[in-house]
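In: Fold the following and give me the result.
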Amino acid sequence: MNAYDRDLGKPDGLAVLHYGDGEFAVMSPGRYVLCAVTGAKVSLEALRYWSPELQEAYASPAEALKRWQETSA
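Out: The predicted model follows:
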């Protein structure tokens, strides 16, 4: 996970990230991203699951598995 300056961005704003293998880069500062499956807000501190291929974030392993099953079928 990348470190970021907590004073950057909007206090409740949506961040824009570039997802890589094992890390992400903050393209536009914010406090959270949206889960691609559920639309739930995921704080950057809690973000653990994403797809570099699809460039999307997931709230938990269950959502990541669901998306993987959808895209591999």
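
In: middle-most residue in the chain, spatially?
Out: Residue closest to the mean C-alpha point of the chain, counted by Cα atoms, centre = their mean, is Ala57 at 3.4 Å.

In: Tell me which helix or strand that residue sits in.
Out: strand 56-58 (DSSP states H and E).

In: follow-up on the earlier one: kindly state the beta-bridge partners for the residue nearest to the centre of the chain.
Out: Cys35, Trp50 (DSSP bridges).

In: And stretch 64-73, what's buried?
Out: Ala64, Arg67 (16 or more other Cβ atoms under 10 Å). Using the backbone N, CA and C atoms, a C-beta is placed for each residue, glycine as well.

In: what mean pLDDT does stretch 56-69 have?
Out: In this model, stretch 56-69 has an average pLDDT of 97.

In: Return the residues in contact with the closest residue to Leu34 other than its chain neighbours.
Out: Counting by Cβ to Cβ, 6 or more residues apart in numbering, Leu34 lies nearest to Lys41, which is 6.4 Å off, once chain neighbours are set aside. Residues in contact with Lys41 (Cβ atoms under 8 Å, 6 or more residues apart in numbering) are Tyr32, Val33, Leu34, Cys35.

In: out of those, which is most surrounded?
Out: Val33 (24 neighbours; other Cβ atoms under 10 Å).

In: Okay, and it sits in which element?
Out: Counting by DSSP H and E, Val33 is part of strand 32-34.

In: What is that strand packed up against?
Out: Counting contacts by 3 or more Cβ pairs under 8 Å, 6 or more residues apart in numbering; DSSP states H and E, strand 32-34 packs against strand 41-43.

In: in its sheet, what does the strand it packs on sit against?
Out: strand 32-34 (antiparallel).

In: distance between the partner strand and the chain's centre?
Out: The chain centroid and the centroid of strand 32-34 are separated by 6 Å under Cα atoms, centre = their mean, to the nearest Å.
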